[in-house]
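Student: The sequence isn't on hand, but the structure is:
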């Protein structure tokens, strides 16, 4: 019997039309979008399904992505696909929390709407992020420490792909130093802020205020947090971790390795794109990497899981 993890992507995977086929086919998915619109005060269906400039602005991207992910999740659950542990990259951690039954959908949408606004406002100009390819984490950490200004690792995505974040000049200087030290490529990212670094600590603290009235429920399923790459099973840990997550590194590779060490052999990426599936293949090729992005993916995944179970 496979041990399954649901994993949820973060910002950057969004596109116009994401989860629209689920919205049209599954009433449970349609209800998710309706809840997202009501909780956020936005027309989330229009935001996700019609061409618009807002979809790629953090303030709006986060609520749109979460709505799409939970809409797909609920359809998958209704189709009999379940997990034993959940995790998400950055924003995707809220999808994992919804899958673990820790937070109601309404609360998740309310908090993520606030999170998007706070992160958008936290450092509107002068910040940057770059993907560093083809070198190891230890060198990147060393270069960041030696670079003048604020620059640090935002994401440990997979072997050979790490994202740095911070002040624009510091990120550029670190990038040049890393290329000189042998990094294969350094690619500036089109983002609207220096996410997952100390510059956003205040935004995290303000998010804590938004979380104050949210009831964290007992876990139906554990999840693995970005902050420590460890399993979380106690409700009282959740709010503190979500506050820290805004300004701390996303330890995605370590999170996946933790789940594999706990016996996970099948990962199902739920949401737009195949970003996490690609990372997984670089982290460990011996585990199964599936994804559910379109309605037709549901049946393909069900068949794959049935074959593995010997049904």
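Tutor: Cool, the structure landed. Since the model is a prediction, treat every value here as computed from it, not as a measurement.
Student: And the strands in this protein?
Tutor: All strands of the chain, identified by DSSP state E, fall at 4-8, 85-88, 127-133, 151-158, 161-167, 185-188, 223-224, 231-232, 266-270, 288-292.
Student: just checking, what packs against the third one?
Tutor: Spelled out, it's strand 127-133. Applying 3 or more C-beta pairs under 8 Å, 6 or more residues apart in numbering; DSSP states H and E, we find strand 127-133 packed against strand 161-167, helix 168-180, strand 185-188. C-beta coordinates here come from the backbone N, C-alpha and C atoms, glycine included.
Student: What helices and strands are in contact with the helix or strand of the chain with the lowest mean pLDDT?
Tutor: Lowest by mean pLDDT, DSSP states H and E among the helices and strands of the chain is helix 295-309, with a mean of 87. Secondary-structure packing of helix 295-309 (3+ C-beta pairs under 8 Å, 6+ apart): helix 20-25, helix 58-78, strand 266-270, strand 288-292.
Student: okay, the ones you listed in TSV with mean neighbour count and distance to residue 225 next?
Tutor: Shown next, in TSV, are the helices and strands packed on helix 295-309 (neighbours: other C-beta atoms under 10 Å; distance: least, C-beta to C-beta, whole Å):
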stretch	mean neighbour count	distance to residue 225
helix 20-25	18	27
helix 58-78	26	17
strand 266-270	26	17
strand 288-292	20	21
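Student: of those, which approaches residue 114 most closely?
Tutor: helix 58-78 (9.5 Å; C-beta to C-beta).
Student: how big is the angle separating that closest one from strand 288-292?
Tutor: On the basis of axes from the mean of the first three to the mean of the last three C-alpha atoms, to 10 degrees, helix 58-78 is oriented at 110 degrees to strand 288-292.
Student: Output the contacting helices and strands for helix 58-78.
Tutor: Using 3+ C-beta pairs under 8 Å, 6+ apart, the elements in contact with helix 58-78 are strand 4-8, helix 20-25, helix 27-40, helix 44-49, helix 92-99, helix 105-122, strand 266-270, helix 295-309.
Student: how far is that helix from where the chain is centred?
Tutor: 11 Å (C-alpha atoms, centre = their mean, to the nearest Å).
Student: What average pLDDT does it get?
Tutor: Taken as a whole, helix 58-78 has a mean pLDDT of 97.
Student: begin at 53 from here
Tutor: With the count now opening at 53, the last piece we talked about shows up as helix 110-130.
Student: Any figure for the gap between the closest residue to residue 227 other than its chain neighbours and residue 228?
Tutor: Spatial nearest neighbour of residue 227, excluding adjacent residues (C-beta to C-beta, 6 or more residues apart in numbering): residue 238 at 4.0 Å. Remark: distance between residue 238 and residue 228 (C-beta to C-beta, to the nearest Å) = 8 Å.
Student: do the same with residue 222
Tutor: In this view, residue 222 and residue 228 are 11 Å apart by C-beta to C-beta.
Student: Between these two, which is the more surrounded one?
Tutor: residue 222 (22 against 13; other C-beta atoms under 10 Å).
Student: Kindly state the pLDDT recorded for the residue nearest to residue 267 when sequence neighbours are not counted?
Tutor: Nearest non-adjacent residue to residue 267, counting by C-beta to C-beta, 6+ apart: residue 159, 7.2 Å away. pLDDT, residue 159: 96.
Student: wait, residue 159 sits on residue 264?
Tutor: No - using C-beta atoms under 8 Å, residue 159 makes no contact with residue 264, being 11.6 Å away.
Student: Look at these two and report which has more neighbours.
Tutor: residue 159 (21 against 8).
Student: May I see the helices and strands packed on helix 347-361 arranged in CSV, with distance to residue 171 as well?
Tutor: Formatted as CSV, these follow (distance: least, C-beta to C-beta, whole Å):
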stretch, distance to residue 171
helix 72-77, 26
helix 110-130, 5
strand 318-322, 22
strand 340-344, 26
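Student: of the ones you listed, which approaches residue 203 most closely?
Tutor: Closest of those to residue 203 is helix 110-130, at 19.9 Å (criterion: C-beta to C-beta).
Student: could you give the angle of the closest one to strand 56-60?
Tutor: Following the same axes, to 10 degrees, one obtains 160 degrees for the angle between helix 110-130 and strand 56-60.
Student: what's the angle from helix 110-130 to helix 157-174?
Tutor: Relative orientation of helix 110-130 versus helix 157-174 (the same axes, to 10 degrees): 150 degrees.
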